[in-house]
Structure formats: C-alpha cells, structure tokens
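# Structure for the following, please:
(chains A, B, C and D)
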There are 2 protein chains.
Amino acid sequence: MVKAVLPGRPARGSKSGRPIMALLDLLGRRWTLRIVWELREEPLRFRALQDAIGASPTIVNSRLAELRTARLIELDDEAGYRLTSLGQELLRLFLPLHLWSEKWAKAIAP
Amino acid sequence: MVKAVLPGRPARGSKSGRPIMALLDLLGRRWTLRIVWELREEPLRFRALQDAIGASPTIVNSRLAELRTARLIELDDEAGYRLTSLGQELLRLFLPLHLWSEKWAKAIAP
DNA sequence: CGCATCGCTACATAAAGTGTAGCATATGGA
DNA sequence: TCCATATGCTACACTTTATGTAGCGATGCG
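Numbering: from 1, shown residues only, chains lettered A, B, ... in the order given. A predicted model of the protein is given here:
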C-alpha cells in the first residue's frame, strides 16, 4: 500500500494540497532526495540503487513507488530505474546544490 | 541531544561525509525543508512556526536545533527564528521549486 | 536440471515523529 | 504583589516509519 503524494491531494502535514507543499512533503521523506540524486547520471537497477544508498529494500521500494506515482522516475526493463523528463527537470533545479554544498561546508568548517 | 548534520562527518545513511550527502541528509528529514520554506519571507517565533507547519514541538525543536547547528537559521531575540545568510542562499536555490511544482501539478493531473 | 539475477515482500526490532501537558523565565499591567 | 501572558522548550506515552535479514516467484542461461 503506497500513499501517493500528488498535488491536489493534501500532503502529509498539510491540509492545503498546494503543489509546493505536496512536493516538499514528497522530497522531505527519508531517501527520496538521495534516490533522485543517485539517478542523476545513469539508470540504476533496484539492487544497485539499494546498495548505492544503503537503505533497506522495504523503504527503497516504497520510495520508488512514490516517485513513480509522482512521475519523477520510471522503470525501464532494459536499463533499470531512471528519471523521467519531469524528474530530469527537477534534478536540474537541484544540481546547484552540489556546488553550494561545498561552499556551505567551508563556511561552517571548524 | 541533537545529532549534528555537518559536512565532514558522515551523514545518516552515508559513510562519505561529502557535503552534498550531508546536505541531502539534513534536508531529507521530515519538516526540515518545510521550515526553511516557512521562513522565506519573514522571521517566525517558535510557536508561530509550529502552528504554520502543524508539527509537534518536540520535532520542531529538533529540526530547529539541527538547522542552527548547520548555520542555516538563527534565533534573534527580537524577531524570532530567521534564515542566516547561508540559509537565504540555500532558499534562493529552492525558490524555483515553487514555480516548477505548479508545472509538475499540471503534468501529472488526472 | 542448477545457478544467478531480477524486482520485490515478510516480519520482528529499532528509531523517529505525534499529541498533549506543562515547566521555567521574562514582561507588563492592575 | 499577584495575575496574566508570552517566550523557548521538555516529558512522556503512543503511533508511525525505517531497519535488517531472510526469502519468494519469475526469468534467463548453461
């Protein structure tokens, strides 16, 4: 049983159902951001993805199901799990985080 | 007891300690993204923030502590909790999500 | 057949989040 | 002085979510 996170339906912790809230709710779940991140360069199979992030198969499967329902990833029989075009758009918004995180690291270094 | 999320120390679920992983780990915790989002326009006091997101004070306090340790927010006695300059930089990277989420909503609408 | 790989499920245990009550401190009247 | 209010925050029992390990059914290959 998968709780779909879709705009239009109230997100966990929010009654509004506004797209931004649904999105923040989806991305705020453990491993979700990480999964999208791991798929940034190439598709990965279920087990490869699981190994890459080091989470349990149970939760990996849940997150994959949620991300598929949200049409951010899809399962290609040949290649494995990969970002959809929507997912790639989202990733593009997140790519600047990589560089910024380095700056952040230096800024708060002891 | 607060588990600090800082680059240099391995993030939850990752042994690398790479800044991007630490950041994804921090932001992937429930309510964290939402809190940063709620502080985008003006500082909020503890209770105002709690009411805005509808989470328990326990977890709000945990997330605030983590975000303060990560130097993304700070507590000003006059104004309340607000983004630091680092936090504002991070928020700027996230602002495009707002618009994109609307597009996403339309794309996956039934 | 035997063996490997695929996505995925079962299930007991541990960790994380919830909801409600309330504490300690400070401030500002009456 | 006493009361009320607001501050950030803590305690604690309860529920939800995630972990770790084992293994299932299907598919392909020799």
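# Dump the helix or strand hosting A:Leu26 to CSV, restricted to CA.
Element membership of A:Leu26, judged by DSSP states H and E, is helix A:19-27. Extracted C-alpha coordinates of helix A:19-27, given in CSV (Å, rounded to 0.1, in the frame of the first residue of the first chain):
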residue,chain,number,x,y,z
PRO,A,19,1.7,21.7,-5.3
ILE,A,20,4.6,23.2,-3.5
MET,A,21,3.5,21.5,-0.2
ALA,A,22,3.0,18.2,-1.9
LEU,A,23,6.4,18.5,-3.4
LEU,A,24,8.1,19.5,-0.1
ASP,A,25,6.4,16.6,1.6
LEU,A,26,7.5,14.1,-1.0
LEU,A,27,11.1,15.3,-1.1
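# Stretch A:98-110: which residues count as buried?
Judged by neighbour count using 16 or more other CB atoms under 10 Å in any protein chain shown, the buried positions of stretch A:98-110 are A:100-101, A:104-105, A:108. All C-beta atoms are positioned from the backbone trio N, CA, C, and that covers glycine.
# Now the two most distant members of the residues you listed.
A:Trp100 and A:Ile108 (12.4 Å; CB to CB).
# residue ranges for the helices of chain A, please.
Read by DSSP state H, chain A holds these helices, from start to end of the chain: A:19-27, A:32-38, A:46-53, A:57-69, A:85-94, A:96-107.
# who's in contact with A:Ala70?
A:4-6, A:26, B:104, B:108 (CB atoms under 8 Å, 6 or more residues apart in numbering or on different chains).
# Identify the farthest-apart pair in those residues.
Maximum distance among the contacts of A:Ala70 (CB to CB): 13.7 Å, for A:Ala4 and B:Trp104.
# Can you tell me how far A:Leu26 is from B:Thr69?
25 Å (CB to CB, to the nearest Å).
# higher neighbour count, those two?
Shown here are A:Leu26 and B:Thr69; by other CB atoms under 10 Å in any protein chain shown, A:Leu26 has more neighbours (25 against 16).
# shaky segments in chain A?
A:1-4, A:8-17 (pLDDT under 70).
# Flag every residue of it that's near DNA strand D.
A:3, A:12, A:29-31, A:54-59, A:62 (CB under 7 Å from any atom of the strand).
# what would the residues you listed look like in TSV with distance to A:Ala22?
What follows is the residues of chain A next to DNA strand D, written out as TSV (distance: CB to CB, whole Å):
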residue	distance to A:Ala22
A:Lys3	12
A:Arg12	9
A:Arg29	12
A:Arg30	17
A:Trp31	18
A:Gly54	27
A:Ala55	23
A:Ser56	25
A:Pro57	26
A:Thr58	23
A:Ile59	20
A:Ser62	17
